[in-house]
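> Okay, predicted coordinates and the sequence, questions at the end:
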Amino acid sequence: MSYKCKLERKQLGSDLVFALIMAKTKQKGEPKMNEEATHFRIYCCGNVNCLARGADDIWRVLDEQIWLAKLSERVELRRSGCQDHCDFGPNIQIWPGPYRYVELTPAKIKQIVRQHLLAGQPVEELLAKPHMRRQTGKDS
Ligand code: FES
């Protein structure tokens, strides 16, 4: 077999391997962008009680952790008014939900970003309890 013939055969072999790989890839489907990834909206209470308890620091740490986790495209951060858990601030709400997190600290924010936003598992032990809601006199 001539050198040229060997070369053509080798080329044909690698073309065949490439064609087989492409066929398998098409069977599995094209890799997709993660279109189904959840998008979150987070409301940080910006009212007086939460501000007095460190809401600005919570906002700063949350913003930083979202950026570090490369979640900026999936998480929208907004200020809100009072969330009716004033004695347990600083507070945030995460949607879809609402999941109401209270008595936040930078360490708790890091845990929420890791567990809730990245892994999709709300942090049960940090969620507001019914007795924490401010009594307005409008209920009951
Ligand atoms: S001031 Fe933040 S919950 Fe009321």
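Yep, it's here. Numbering: from 1, shown residues only.
> The residue most central in space within the chain: what's it in contact with?
Nearest residue to the geometric centre of the chain (CA atoms, centre = their mean): Leu117, 3.0 Å. Leu117 sits next to Phe40, Ile66, Ala69, Leu71, Arg74, Val75, Ile94 when contact means CB atoms under 8 Å, 6 or more residues apart in numbering. Heads up, the C-betas are built off the backbone N, CA and C, glycines and all.
> if we take those residues, which one ends up nearest to the ligand?
Ranked by distance to the ligand (CB to the nearest ligand atom), the contacts of Leu117 are led by Ile94 at 14.6 Å.
> Doesn't the closest one lie inside a strand?
Yes: under DSSP: H, G, I helix; E, B strand; the rest coil, Ile94 sits within a strand.
> do stretch 76-95 and the ligand meet at all?
Yes: contact of stretch 76-95 with the ligand (CB under 6 Å from any ligand atom) involves Cys82, Gln83, Asp84, His85, Cys86, Gly89, Asn91.
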